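[1] all I have is the shape, not the residue letters:
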């Protein structure tokens with residue numbers, strides 16, 4: 001079993017040591033009889049309230065006493081193994097009593113957390129926690145993600161409930177300007193009988209996680225082109241310095257939790273990549289930003305500064321982005337494993353508006369001309385998800401020629417007309 005699983009005596013010693021270090025200990029307890037994503041989100045929210053999270057897990061016998069013999073139940077050892085493996089759980093201890101009072105006495109938590117629609121004054125543990133100098137916090141159940149809701153859906157054979165308002169609702173925004181350094185008016189170039197921006201828009205619409213797709217533009221011609229094919233577009237100011245600024249202007253007027261910044265020049269965007277990038281931010285409320293990477297296989301891109309590389313840690317969090325080839329392989333005979341960064345971003349809307357609206361460009365950002373380095377340099381995390389799909393962007397006339405040929409190869413157009 002994972003070393004996080006501790007006896008009550010061990011838990012008491014660990015928590016005493018943490019308090020001596022000035023650490024804030026958070027405690028929660030529960031049956032966790034059917035482990036599901038609602039539990040994970042709840043535990044992550046609890047962990048964010050302090051420096052260490054201790055979880056008390058009801059034994060099988062106490063769950064049966066509380067929930068009845070017919071209640072679906074994952075075996076105690078399996079529940080313990082899964083919970084102890086979660087990064088947000090620092091220590092785990094089993095208890096067989098109906099109430100975790102003895103465990104609370106051992107932990108002496110600074111914060112005792114419960115999840116549900118409880119009122120703090122109705123919790124039987126509240127007086128004990130307060131007598132030990134702690135506070136009690138109630139975290140609301142994630143809508144549609146409670147154990148009771150899960151059992152109800154299982155019984156009816158219904159599909160999982162959709163995300164509720166404020167619970168991971170995502171909107172994609174495609175920044176699109178008319179002027180372009182290397183290919184003017186590229187948003188409206190014809191590919192297989194449709195303007196480039198229409199291909200991107202329609203591909204994004206196929207993502208399962210999105211409520212809506214919006215084109216953010218500073219040009220009336222792009223606005224009219226999007227409206228002509230039935231798309232949703234909004235005019236923005238013309239003085240934005242980056243696509244992120246343009247996305248933020250539109251995001252400020254939306255009612256959603258997550259914003260997806262989709263590049264407007266990738267007509268073969270895989271809709272599943274949007275779903276891949278959004279999923280971690282829906283599952284982890286402590287993440288503010290996410291993006292994508294793909295294994296770099298083309299030797300020509302290794303030293304190409306237009307091909308941005310990324311390295312991430314064991315948890316998939318970005319360590320650095322660079323136009324250089326990273327990591328450097330000192331041993332020339334070693335197998336090279338490099339990843340290219342793909343410029344699709346997911347932001348928690350509040351983070352997008354607060355951080356990018358108030359934090360000036362950083363040294364590394366200005367050095368490499370990579371906006372995401374501002375996030376890392378200021379101590380924030382970026383989740384990087386791997387995808388098997390490389391991006392195909394349109395930046396030059398040569399890119400356009402290649403994309404048109406690919407469209408023909410995929411049966412989307414007529415080579416002679418270029419569309």
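    Cool, got the structure. Since the model is a prediction, treat every value here as computed from it, not as a measurement. Numbering: from 1, shown residues only.

[2] and the strands in the stretch 101-250 of the chain?
    For the stretch 101-250 of the chain, the strands defined by DSSP state E, counting those that start in this stretch occupy 111-115, 135-139, 170-176, 190-191, 194-195, 210-217, 233-235.

[3] tell me the most buried of those strands?
    Stretch with highest mean neighbour count among the strands of the stretch 101-250 of the chain: strand 170-176 (a mean of 26; mean count of other C-beta atoms under 10 Å). In this view, the C-beta of every residue, glycine as well, is placed from N, C-alpha and C.

[4] hmm, who's touching that one?
    187, 197, 200-201, 204, 207, 209-217, 219, 222, 243-244, 246-247, 250-251, 254, 256-264, 274, 278, 282, 346 (C-beta atoms under 8 Å, 6 or more residues apart in numbering).

[5] same thing but 7 Å
    For strand 170-176, contacts defined as C-beta atoms under 7 Å, 6 or more residues apart in numbering pick out 187, 197, 200-201, 204, 209-217, 222, 243, 246-247, 250-251, 254, 256, 258-262, 264, 274, 278.

[6] low pLDDT regions in the stretch 301-419 of the chain?
    Scanning the stretch 301-419 of the chain for pLDDT under 70 picks out 332-335, 411-419.

[7] cool, the stretch 101-250 of the chain as well?
    For the stretch 101-250 of the chain, the ranges with pLDDT under 70 are 117-118, 141-168, 181-182.

[8] and the helices in it?
    For the stretch 101-250 of the chain, the helices defined by DSSP state H, counting those that start in this stretch cover 101-107, 126-131, 147-156, 196-205, 220-228, 243-251.

[9] contacts for the last one?
    What it means is helix 243-251. 173, 175, 214, 216, 234, 236-237, 240, 259, 261, 349, 352-353, 356-357, 371.

[10] closest one of those to residue 378?
    residue 356 (10.8 Å; C-beta to C-beta).

[11] isn't residue 397 up against residue 183?
    Yes: between residue 397 and residue 183 there is a contact under C-beta atoms under 7 Å: 6.2 Å.

[12] so the two - more neighbours on which side?
    Legend: neighbour count by other C-beta atoms under 10 Å for residue 397 and residue 183, higher for residue 183 (17 against 12).

[13] got phi/psi on the closest residue to that one other than its chain neighbours?
    In space, and not counting its chain neighbours, residue 183 is closest to residue 396: 5.8 Å by C-beta to C-beta, 6 or more residues apart in numbering. Here is the backbone geometry of residue 396 (degrees, to the nearest 10): phi -130, psi 170.

[14] and residue 396, how many neighbours does it have?
    14.

[15] again, but for residue 226
    A count of nearby residues for residue 226, using other C-beta under 10 Å, gives 25.

[16] what does residue 56 give?
    Number of residues near residue 56 (other C-beta under 10 Å) recorded here: 22.

[17] related to what we said a few turns ago, hmm, which two among the contacts of helix 243-251 are most spread apart?
    Spatially, the most separated pair among those is 234 and 371, at 21.5 Å (C-beta to C-beta).

[18] list the buried residues in stretch 359-368.
    Using 16 or more other C-beta atoms under 10 Å as the test for burial, stretch 359-368 gives 364, 365, 368.

[19] for stretch 399-407, same thing?
    By 16+ other C-beta under 10 Å, the buried positions in stretch 399-407 come out as 399, 400, 403, 404, 406, 407.

[20] export these to JSON lines and tack on secondary structure and distance to residue 388?
    JSON lines is the format used below for these (DSSP: H, G, I helix; E, B strand; the rest coil; distance: C-beta to C-beta, whole Å):
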{"residue": "399", "secondary structure": "helix", "distance to residue 388": "21"}
{"residue": "400", "secondary structure": "helix", "distance to residue 388": "25"}
{"residue": "403", "secondary structure": "helix", "distance to residue 388": "20"}
{"residue": "404", "secondary structure": "helix", "distance to residue 388": "24"}
{"residue": "406", "secondary structure": "helix", "distance to residue 388": "17"}
{"residue": "407", "secondary structure": "helix", "distance to residue 388": "21"}
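
[21] let's have these in TSV, adding distance to residue 339.
    Formatted as TSV, the buried residues of stretch 399-407 follow (distance: C-beta to C-beta, whole Å):
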residue	distance to residue 339
399	22
400	27
403	23
404	28
406	23
407	27
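
[22] my guess is residue 55 meets residue 83, correct?
    Yes: between residue 55 and residue 83 there is a contact at 5.9 Å, judged by C-beta under 7 Å.

[23] and the longest strand for this protein?
    strand 339-348 (DSSP state E).

[24] give me the distance from it to the chain's centre.
    Averaging C-alpha positions (C-alpha atoms, centre = their mean, to the nearest Å) puts strand 339-348 11 Å from its chain's average.

[25] go through the helix or strand just after that strand and flag the buried ones.
    Remark: after strand 339-348, the chain's next helix or strand is helix 349-358, criterion DSSP states H and E. Buried residues in helix 349-358, counted by 16+ other C-beta under 10 Å: 349, 351, 352, 353, 355, 356.

[26] repeat that for stretch 24-33.
    For stretch 24-33, by 16+ other C-beta under 10 Å, it's 25, 26, 27, 28, 29, 30, 31, 32, 33.

[27] and those, which two are the farthest apart?
    25 and 33 (25.0 Å).

[28] give me every residue that touches the residue nearest the centre of the chain.
    The residue lying closest to the centre of the chain (C-alpha atoms, centre = their mean) is residue 281, at 2.1 Å. Residue 281 is in contact with 258, 287, 290, 346, 348, counting by C-beta under 7 Å, 6+ apart.

[29] wait, what's in contact with the nearest residue to the fourth one once chain neighbours are set aside?
    In other words, residue 346. Among residues not flanking residue 346 along the chain, residue 290 sits closest, at 4.3 Å (C-beta to C-beta, 6+ apart). Residue 290 sits next to 277, 280, 281, 346, 382, 383, 385 when contact means C-beta under 7 Å, 6+ apart.

[30] in strands only, show me those.
    346, 383, 385.

[31] looking at neighbours, which among the residues you listed is most surrounded?
    Going by other C-beta under 10 Å, residue 346 tops these with 30 neighbours.

[32] test my guess that that one contacts residue 258.
    Yes: when contacts are counted by C-beta under 7 Å, residue 346 is listed as touching residue 258 (5.9 Å).

[33] find the residues that touch each one of the two.
    By C-beta under 7 Å, 6+ apart, the residues touching both residue 346 and residue 258 are 278, 281.
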